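> Generate a structure from the sequence data that follows.
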Amino acid sequence: MAEQKRTISKLCLTGFILSVISPVLLIFINAFNSLWEVEIVYWCLFVIAILSPLAGLVLSIAGLVGARRGNKKGKGFGIAGIILTSVYAAVVLVVVLILGLIINTFSRHDTKKNIPTFYSNSEIVSVVYYYHEADGYRFEELDEDQLDDFVDDLYSMDIETGGMMDYYWGNSFGIEMELEDGTYMSYDGTRLELYEKSRMDDDFSYDYRKDSEYVYVVNYDFWDVAKEYFPSIEENGDNVFARQ
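Residues are numbered from 1 along each chain as shown. The predicted structure is shown next:
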């Protein structure tokens, strides 16, 4: 009696193909996304690429079980399909976790702190407005009789931390606050920084920076408030307002 010919499990083979299609299809549609004139086609292929690993896993498992019971060939395809989809799922999970961490890091967060107390509870003893020119920084010091009013305004500003902000004017201008503990905070409407040295010191460098954070003023336009205290902000408006 002739031995019955073993057939290959179609489910195992299909599951394996689906597990391979997904990464290849993702690479293809993203490499040639500029060629897709019909957007619905792009998104249909994208959905297929995302869902095919799940279908591949289900079919690979079902095919592997059926192949063992029916003594069919193709078990290797089923095993390979399960391994590939598992690896794909692990990679996707890692990517999602990393993206979630990045989004959380760069998203804005409410804070109970304000500008004067963000890094220290030490009192502000003086404030200068600084702006950078070709030959170095220029400074305008706040009058002592205006200091308390300016600090009160800073206390009244609700702030959020984090977020990706337009920062190409960084360190070109801002205010610098001298604290009673001997440190210096600078704020330019976007980034709040803490230094061990003042910009007015001859040996100032960014090596003296102790901390830095993106800070967004919520309920005020910071520069509209600051220009009431520093005439140079109005005179050098192109240094400030044109860059916001």
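> Next, count neighbours for residue 114.
Close neighbours of residue 114, defined as other CB atoms under 10 Å, add up to 15. Backbone N, C-alpha and C define where each C-beta goes, glycine included.
> oh, I was asking about residue 133
10.
> For it, grab phi and psi.
The phi/psi pair for residue 133 (degrees, to the nearest 10) reads phi -120, psi 180.
> That one bridge partners, please.
residue 136 (DSSP bridges).
> and the residue nearest to residue 158 when sequence neighbours are not counted, what does it touch?
Nearest residue to residue 158 in three dimensions, chain neighbours excluded: residue 218, at 4.2 Å (CB to CB, 6 or more residues apart in numbering). With contact set as CB atoms under 8 Å, 6 or more residues apart in numbering, residue 218 has these partners: 157, 158, 159, 160.
> Please parse this structure into its domains.
10-106, 111-243 (automatic domain parsing).
> which among the contacts of residue 218 gets closest to residue 18?
Here the nearest of the contacts of residue 218 to residue 18, counting by CB to CB, is residue 160; it sits at 44.6 Å.
> Show me where this protein dips below the pLDDT cut-off.
For the chain, the stretches flagged by pLDDT under 70 are 1-6, 29-30, 32-39, 104-106, 163-171, 235-244.
> Can you list the residue ranges for helices in it?
All helices of the chain, identified by DSSP state H, fall at 10-31, 39-70, 75-106, 144-155, 222-226, 231-235, 237-240.
> Thought residue 189 was touching residue 227, still the case?
No: using CB atoms under 8 Å, residue 227 is not in contact with residue 189, being 11.4 Å away.
> Quickly list what the closest residue to residue 198 other than its chain neighbours is bridged to.
Nearest non-adjacent residue to residue 198, counting by CB to CB, 6+ apart: residue 184, 5.0 Å away. Note on residue 184: beta-bridge partners by DSSP bridges are residue 178, residue 195.
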